[in-house]
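>>> Structure for this input, please:
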Amino acid sequence: MNLQRANFQMVGKLAVVASLMFAFGYALVPLYKAICEMTGLNVLALSEQVLSGVKPALPENSQVDYGRTITVEFDANARGPWDFKPASRFLQVHPGELTTVMYEFQNIQNRRMSAQAIPSYAPQQAASHFNKLECFCFKQYTLEAGEKKSWPVAFVIDPKLSKDVKTITLSYTFFEVGGGTPAAPVASLRLESPGIGGS
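Model (predicted):
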């Protein structure tokens, strides 16, 4: 008799625990919503807005200086028989704004080649404020005969750049590695293109 009573008590306790777990699971979504709204995270509400077609308001990048515009010119020097050029010759950017430009390259020879690029900047003081997040420079690439490639350069200009600088030139010299066309020395780059310094 005592064993049967103990079993009934255990079943009763397990039923209470199962009921509490079900209630907790049922209340979890409203509880999560309340916590997200109180803390300001509101991740669930943002995902609901996306699913319903409403574009959520994203915080503005406070690092961008919309009061200034800098012209960034893109230059390409091919030291050898191939095509190398930027997709855009220049862009108007705000300091602090993430910007991407594409550089296009084609090996127009009838043989495989390996090449790489070296950047330079004008004026030279802009070099330390020109922050590249993605760049093809200083990496060696192998291209088959006739092969085309496009490489991105993603950059941000530091808002601390002197306000006297209105134009920056980003120049790349692309040369064959181990080929008959040597890389241009930095000194001769400066002589050929006044104001453009090494990276």
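>>> which stretches of this structure aren't confidently modelled?
Scanning the chain for pLDDT under 70 picks out the ranges 1, 26-62, 179-199.
>>> Please settle this for me: is residue 114 part of a strand?
Yes. Assigned with DSSP: H, G, I helix; E, B strand; the rest coil, residue 114 falls within a strand.
>>> So it is in contact with residue 139, correct?
No. The pair residue 114 / residue 139 is not scored as a contact, 10.7 Å apart, by CB atoms under 8 Å. Any C-beta I mention is one placed from the backbone N, CA and C, and that applies to glycine too.
>>> Look at those two and report which has more neighbours.
Between residue 114 and residue 139, counted using other CB atoms under 10 Å, the more crowded position is residue 114 (13 against 9).
>>> List the contacts of that one.
Neighbouring residues of residue 114 by CB atoms under 8 Å, 6 or more residues apart in numbering: 140, 141, 142, 143, 176, 177, 178, 179.
>>> Among those residues, name the buried ones.
Taking 16 or more other CB atoms under 10 Å as the criterion, what is buried in those is 141, 143, 176.
>>> circling back: let's have the contacts of residue 114 in a markdown table, adding distance to residue 107 and secondary structure.
Below are these laid out as a markdown table (distance: CB to CB, whole Å; DSSP: H, G, I helix; E, B strand; the rest coil):
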| residue | distance to residue 107 | secondary structure |
| --- | --- | --- |
| 140 | 14 | coil |
| 141 | 10 | strand |
| 142 | 9 | strand |
| 143 | 4 | strand |
| 176 | 10 | strand |
| 177 | 13 | coil |
| 178 | 14 | coil |
| 179 | 11 | coil |
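>>> could you dump these to CSV with distance to residue 96?
Formatted as CSV, those follow (distance: CB to CB, whole Å):
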residue, distance to residue 96
140, 32
141, 31
142, 36
143, 35
176, 37
177, 35
178, 40
179, 40
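>>> From the residues you listed, pick the one nearest residue 155.
For the contacts of residue 114, the residue nearest residue 155 by CB to CB is residue 141; the value is 19.6 Å.
>>> Could you find the closest non-adjacent residue to that closest one?
What sits nearest to residue 141 in space, not counting adjacent residues and going by CB to CB, 6 or more residues apart in numbering, is residue 115, at 6.0 Å.
>>> Tell me the secondary structure of residue 21, please.
Under three-state DSSP, the three-state class of residue 21 is helix.
>>> Need phi/psi at residue 88.
Note on residue 88: its backbone torsions stand at phi -130, psi 140 [degrees, to the nearest 10].
>>> what's the answer for residue 154, then?
Main-chain dihedrals, residue 154, degrees, to the nearest 10: phi -100, psi 130.
>>> what about the closest residue to it other than its chain neighbours, how many neighbours?
Nearest residue to residue 154, sequence neighbours excluded (CB to CB, 6+ apart): residue 134, at 4.0 Å. If you count neighbours by other CB under 10 Å, residue 134 ends up with 10.
>>> Can you show me the helices along the protein?
Ranges of helices in the chain, per DSSP state H, are 2-39, 43-51, 186-192.
>>> How about the contacts made by residue 66?
Applying CB under 8 Å, 6+ apart, we find residue 66 in contact with residue 94.
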